[in-house]
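Q: need a 3D model of the following:
(2 chains)
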Amino acid sequence: MKTERIPDRMPQVFVVDDDRAILKAFSRLLGSAGFNVKTFDSPAEFLGQHDPDVPGCALLDVGMHGMDGLELQAELANVGARRPIVFVTGRDDARTSVRALKAGAVDYLTKPVDGDDLIAAVSSALARDEKARAQRSEIAAIRARYNLLTPREREVMSHVVAGRLNKQIACDLGTVEKTVKVHRARVMAKMQVRTVAALVHLTERLRAGEERI
Amino acid sequence: MSQEVLHQGIGERLQKPLRAASHLLNLQPEAERPQRREAERTPPDFSSLKTMMRRRAFWSGLVGGVITFSVLVFIFGANNLLVSRLLSTEYSSEVELKFVVILLLFESGIIFAFAVQDRRRRKLEDLLRQSEDRLAFAAKSADLGLWSWDAAADSFWSTEHCNEMLGIPANAQYSMTTMRETVHPDDRALVERALKDGLASRKTFEVEYRANIGQGPTRWLRVRASTLLDGQGKLVGVSGTVLDITNRRQIQAEVETQKQSLSHLSRVGMLGELSGALAHELNQPLTAIMSNAQAAQRMISHRRVDMEELRMAIEDIIANNVRAGDVIRHLRALLKKEDMRQVRVDLNDVARDALDLMHADLIGRRISVAFNPSQMPVLVSGDSIQLQQLLLNLIMNAADAISSTAHDGGMLIVAVDSTEDGFQHIAVSDTGPGIRADLIKNLFDPFFTTKTHGLGLGLSISQSIAESHGGRIWAENNAGRGATFHIVLPALLEARDEDRAHT
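A: Residues are numbered from 1 along each chain as shown, chains lettered A, B, ... in the order given. The predicted structure is shown next:
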């Protein structure tokens, strides 16, 4: 885990609960553990101000007036915000917890919740967010490099990654080996790799990342 | 005594039509009318009434006696004079002789008339006694004691059974003071007020009170009385009946206790159903306390302690502790078995408390709530716990109705307002399936239920709570979806300064 943080990109813990006493207490507890906390007393307020680019996780109450925590989770997924969520509930309901976890919740805690458990859950949610963001930015970088390739270079690259030799590629593409060598060198330069193995690794990451997205 | 009664009876019989006639002809002396009005306005004063009655009885007796006596003295005296004259002289005229015979015949006629009248009187007396016996027997069979109070003599006439009920020796003569002493000290003011009002209004009045009878147990008596008026409409006394209602009162008290127990049991059952929601109500402040306390712990372990933040955390711990305490107090009040207490209650608060208690349950069932309280206090005199039970019942029914149809929530509306005709009104509306028309009139019957769970006592108990507060409850289907239950209770009227003292 990286420890350096860009000040305006500090991870935030968004706490949403319609009980102000709980909101204040969670905010204080998480604040004492060194987290940056933002509180919202209604799901609507949270959704209204939500910026998916701000790193961090959400701590949601399950039972809220108007829109409950699970609906909020679904709504976040709808707008494409992949923010890790920790649920806190007043009633221990197995069905709801299964639904929440299936929909990707990091944890599902029952009130009264122990402070250490809450902090641990929030920490792991933040770690998951950070990891996901790092992955996303890495894939975005690979994608950016890939986008620099011309169609011909991409064609050459897919053959290289498939493990074919230069002359085989030249034969397949109906060109001479020399030209393929030039394309290949450009691909390696643009994708910023030195070995074929590294190129294979990059394309695999890209494919896996795009699949997840 | 019986002769007096006869005289009185005849006199009254005559006086009634006479009084009516004089009313019709407006023969009453002008001067008397304002006096009567005065008498009507102020309750009569017993002591002056008594002396007046005494004086009147004395004078009428005296005048009657003197007149009868002088007529008899005249006739007998004249006859004796003539007879002695006849006997003393040798010669007497035929006229004189005839006169003497006539007088003698007249005398014997008078004596005969007296004898006949005496026989008739005895016969009447017998009839009267029989009738009195019959009346007394009938009264005793009906468990009624009869009594009558003579204002002039301040003495009571009463049947034996009446004395028995009052705990007074069978043939005792007693006064109003003795009578007052039989009343339980706590009820004396009540009895006095009833008597005073009855005497002032001159209508039949009724009062139920506890009687202190010797060392025995306290008895409940119901006294019905009406004022006795003389020809001039003046009060001469009061007469009436006494009925021992101890058993009835006991049964009433038992029924009341049973009702209270039933209502209490249903309340406990209701809270059982709500246990999940109630646990949540307690969980919230406990969670806040826990988190605040652990935050404080972490703050202290830091090298630099932010005292202000620490103080705020502790303040919040205390505030949440109070909140948890309130929930427990509220629960305890609902679980407690208590007699009905009449206090000043704002229905806005009752509705809010009930909705607070149901909060988590309604959220859990995904039912949205609209609460429309009145801007002004909606005051009634009543038992806040019972009223809350009533409202909880209606809200739970509404929630059940909503849950029985839609899977995806529904709407519950609770509205509190005052009507223009002095009633306070609560309406609980739902968006459930409504009530089948043929069932609407059976809704409030005990053991009537359409649910698969529950005893069907909720609405029956709700109705008895509404009625014990002098109000009523009814249901109707909404124009759109669902049904609405209405409760109206009489408004509490408060003096302005009292109101100010409360606010």
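
Q: who touches stretch B:298-316?
A: A:21, A:24-25, A:28-29, A:32-33, A:115, B:288, B:292-293, B:295-296 (C-beta atoms under 8 Å, 6 or more residues apart in numbering or on different chains). (C-beta placed from N, C-alpha, C; glycine too.)

Q: so which bits of chain B are right by chain A?
A: Within chain B, the positions adjacent to chain A are B:276, B:279-280, B:283-292, B:294-299, B:302, B:309, B:312-313, B:316, B:319-320, B:323, B:360, B:363-364, B:366, B:368-369 by C-beta under 8 Å from any C-beta of the partner chain.

Q: which among these count as buried?
A: Applying 16 or more other C-beta atoms under 10 Å in any protein chain shown to the residues of chain B next to chain A, the neighbour count classes B:280, B:283-292, B:294-296, B:298-299, B:312-313, B:316, B:320, B:323, B:360, B:363-364, B:366, B:369 as buried.

Q: which strands or helices does the helix or strand containing residue A:48 pack on?
A: In the assignment (DSSP states H and E), residue A:48 maps to helix A:43-49. Using 3 or more C-beta pairs under 8 Å, 6 or more residues apart in numbering or on different chains; DSSP states H and E as the contact test, the elements touching helix A:43-49 are strand A:12-16, helix A:69-78.

Q: out of the ones you listed, nearest to chain B?
A: Nearest to chain B, of all the helices and strands packed on helix A:43-49, is helix A:69-78, at 9.4 Å by C-beta to the nearest C-beta.

Q: residue contacts, the residue of chain A found nearest chain B?
A: Closest residue of chain A to chain B, C-beta to the nearest C-beta: residue A:115 (3.2 Å). Residues near residue A:115 by C-beta under 8 Å, 6+ apart: A:29, B:290, B:291, B:294, B:295, B:297, B:298.

Q: just say which of the helices and strands packed on helix A:43-49 is most tucked in.
A: strand A:12-16 (a mean of 23; mean count of other C-beta atoms under 10 Å in any protein chain shown).

Q: returning to that earlier point: of the contacts of stretch B:298-316, which pair is most distant in space?
A: Within those, A:21 and A:33 form the most distant pair, 19.1 Å apart (C-beta to C-beta).

Q: just the helices from the stretch 101-250 of chain B, written as ranges.
A: For the stretch 101-250 of chain B, applying DSSP state H, counting those that start in this stretch gives helices covering B:160-166, B:176-181, B:188-201, B:246-273.

Q: now the last one: average pLDDT?
A: Helix B:246-273 comes out with an average pLDDT of 82.

Q: can you name the residue of chain B nearest chain A?
A: residue B:294 (3.2 Å).

Q: am I right that that residue is in contact with residue A:29?
A: Yes - Residue B:294 lies in contact with residue A:29 (C-beta atoms under 8 Å); the separation is 5.7 Å.

Q: identify the residues contacting residue B:492.
A: Residue B:492 neighbours (C-beta under 8 Å, 6+ apart): B:344, B:345, B:379, B:380, B:381.

Q: hmm, try it at 6 Å
A: Listed by C-beta atoms under 6 Å, 6 or more residues apart in numbering or on different chains, the contact set of residue B:492 reads B:379, B:380, B:381.

Q: and for residue A:140?
A: So residue A:140 contacts nothing (C-beta under 6 Å, 6+ apart).

Q: wait, a helix at it?
A: Yes - according to DSSP: H, G, I helix; E, B strand; the rest coil, residue A:140 belongs to a helix.

Q: what is the neighbour count of the residue lying closest to residue B:183 once chain neighbours are set aside?
A: Of all residues not flanking residue B:183 in the chain, residue B:191 sits nearest, at 5.1 Å (C-beta to C-beta, 6 or more residues apart in numbering or on different chains). Look at residue B:191: counted by other C-beta atoms under 10 Å in any protein chain shown, it has 21 neighbours.

Q: residue B:191 is in contact with residue B:210, isn't it?
A: No - using C-beta atoms under 6 Å, residue B:191 is not in contact with residue B:210; the gap is 9.9 Å.

Q: which secondary structure state is assigned to the spatially most central residue of chain A?
A: Centroid check for chain A by C-alpha atoms, centre = their mean gives residue A:132 as the closest residue, at 3.1 Å. Under three-state DSSP, the three-state class of residue A:132 is helix.

Q: which SS class is the spatially closest residue to it that is not a sequence neighbour?
A: Closest residue in space to residue A:132, ignoring its immediate chain neighbours: residue A:82 at 6.5 Å, by C-beta to C-beta, 6+ apart. Assigned with three-state DSSP, residue A:82 falls in the coil class.

Q: just to revisit the earlier point, which of the helices and strands packed on helix A:43-49 sits closest to residue A:119?
A: It is, among these and with distance given as C-beta to C-beta, strand A:12-16, at 10.0 Å.
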